[in-house]
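1. turn this into a model:
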Amino acid sequence: MLANPNFVSAIQPVIVKLKPSLSWLLLIVPIAIGLRFWPGAANPTALFICSAIGIIPLAGWMGRATEVLAARMGEGAGGLLNATFGNAAELIIAVIALSKGLSSVVKASIAGSIIGNILLVLGLSTLCGGTKYSEQRFNQTGARTQAISLSLAAIALIIPTVFHMAAERSPSGWSPIMEQRLSLAIGLVLFLTYVCLLSFSLKTHRHFFQGKGEPEPKEEVWSRGKAIIVLFVATGFVALLSEFLVGTIDSMRATFGITETFVGIIVVAIIGNAAEHSTAILMALKNKMDLTVGIAIGSSLQIALFVAPLLLFVSYFFGEPMNLEFSLPEVFAVVASVYILFQISGDGETNWIEGAQLLSVYVILGILFFYLPEGHVH
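-> Numbering: from 1, shown residues only. Presented below is the predicted three-dimensional model:
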């Protein structure tokens, strides 16, 4: 017996919405809220896991709402909005961690995001895309320009660590106030560099960053009002779940025997960028490597040039100013990641073995930070 055409047409939109999507993870959000506020349901480990999973789809909705608003604001202002809110979820998590005095977790998440975007995101995207296409090409000029900017940013971020090591050997010794002033000055330079880079990529030389692939089919168009409501609601829930997440870090450390550095450099970094990671992988599977490379390198640049100095400035409002001094393993991981990126971006093409190699380096660094004991910066 043939199906009723009216019935088929009626359930077709439902079937489309039932396709695999990060939005299904939104079901975890009320569970996390229940674990936090329901009497007798206190379980810090479950709350940490549910909060982490719940942030992922909310970050995706924030990203989509931002893209809709950016498209309606025009190329210049829209590009600025999109670039600024590209790491909003991670920024919220970091601000809440700063408010609780967890500056080591925040600095680790900064380093972890740079490392994760280069090694994990680009590696996984290249591996997945490479299983479908033998070779994938991208805009070599744009990628190399971003890689150079990221290498300069990485140099700026390791200067406070170099200063600390050099100042300890001087007769006058090391001064926290001098290091704080150094970090603040570097933060200002990084922020100004970010403004220059935005002007370069969105206005004067935007053709460097335009891919040659077919335009992506547009999804359902949201109205400006709907995008604003979604952005505010999602931001509110991300802030709430971030509060839960940060509040259970100490319990997670005690339960699993992991350090603050590992939580920041691996766990928080992956959670804050998960929605963006999935987009990069999907674009690679569609052979749109310009978008994939742009997401991976661009997100790292935003972290180094915008998020890091912004968090430095925000820390002053909490009465515990943060510096930009990283541990030697963090410095090594960032420098090594940027060096690898520089090598890969040179020829304008990728294949699956390069993705596997990037992932292997990320796993090795993850093992390093898992076994690295808690202690002083040096």
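2. ok, residue 349 touching residue 137?
-> Yes: assessed by Cβ atoms under 8 Å, residue 349 is found in contact with residue 137 at 4.8 Å. Where you see a C-beta, it was placed from the backbone N, CA and C, and this is true even at glycine.
3. residue 27: neighbour count?
-> As a burial measure, residue 27 scores 11 neighbours (other Cβ atoms under 10 Å).
4. show me what contacts residue 156?
-> Neighbour list for residue 156: 186, 189, 190, 304 [criterion: Cβ atoms under 8 Å, 6 or more residues apart in numbering].
5. out of those, which is nearest to residue 201?
-> In terms of Cβ to Cβ, no member of those lies closer to residue 201 than residue 304, at 14.8 Å.
6. returning to what we had before: narrow the contacts of residue 156 to those in helices?
-> 186, 189, 190 (DSSP state H).
7. using ChimeraX, define a selection of the buried residues within the residues you listed.
-> One line in ChimeraX is enough to select the buried ones among the ones in helices among the contacts of residue 156; burial here means 16 or more other Cβ atoms under 10 Å:
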select :186,190
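8. can you list the ones in helices among the contacts of residue 156 in a markdown table and add pLDDT and distance to residue 325?
-> Listed next are the ones in helices among the contacts of residue 156 as a markdown table, based on pLDDT from 0 to 100; distance: Cβ to Cβ, whole Å:
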| residue | pLDDT | distance to residue 325 |
| --- | --- | --- |
| 186 | 92 | 11 |
| 189 | 91 | 16 |
| 190 | 90 | 15 |
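9. would you map the helices across the stretch 201-350 of the chain?
-> For the stretch 201-350 of the chain, helices defined by DSSP state H, counting those that start in this stretch occupy the ranges 224-247, 249-256, 260-262, 269-285, 289-302, 308-315, 328-344.
10. can you say which of the ones you listed is packed in most?
-> helix 289-302 (a mean of 25; mean count of other Cβ atoms under 10 Å).
11. mean confidence for that helix?
-> Taken as a whole, helix 289-302 has an average pLDDT of 85.
12. same check, this time on stretch 238-254
-> In the prediction, stretch 238-254 has an average pLDDT of 86.
13. just use 30 as the starting number from now, easier for me
-> Fine by me, first position is 30 from now on; the one you just mentioned is stretch 267-283.
14. off-centre distance for that stretch?
-> Here stretch 267-283 is found 18 Å from its chain centre; the criterion is Cα atoms, centre = their mean, to the nearest Å.
15. now stretch 116-129
-> 12 Å.
16. for residue 88, give me the pLDDT.
-> So residue 88 comes in at 82 (pLDDT).
17. ok, residues contacting the helix or strand where residue 158 lies?
-> Per DSSP states H and E, residue 158 falls inside helix 151-159. Around helix 151-159, the neighbours that count as contacts under Cβ under 8 Å, 6+ apart are 165, 306, 309-310, 312-314, 316, 318, 321-322, 325-326, 370, 373, 379-388, 390-391.
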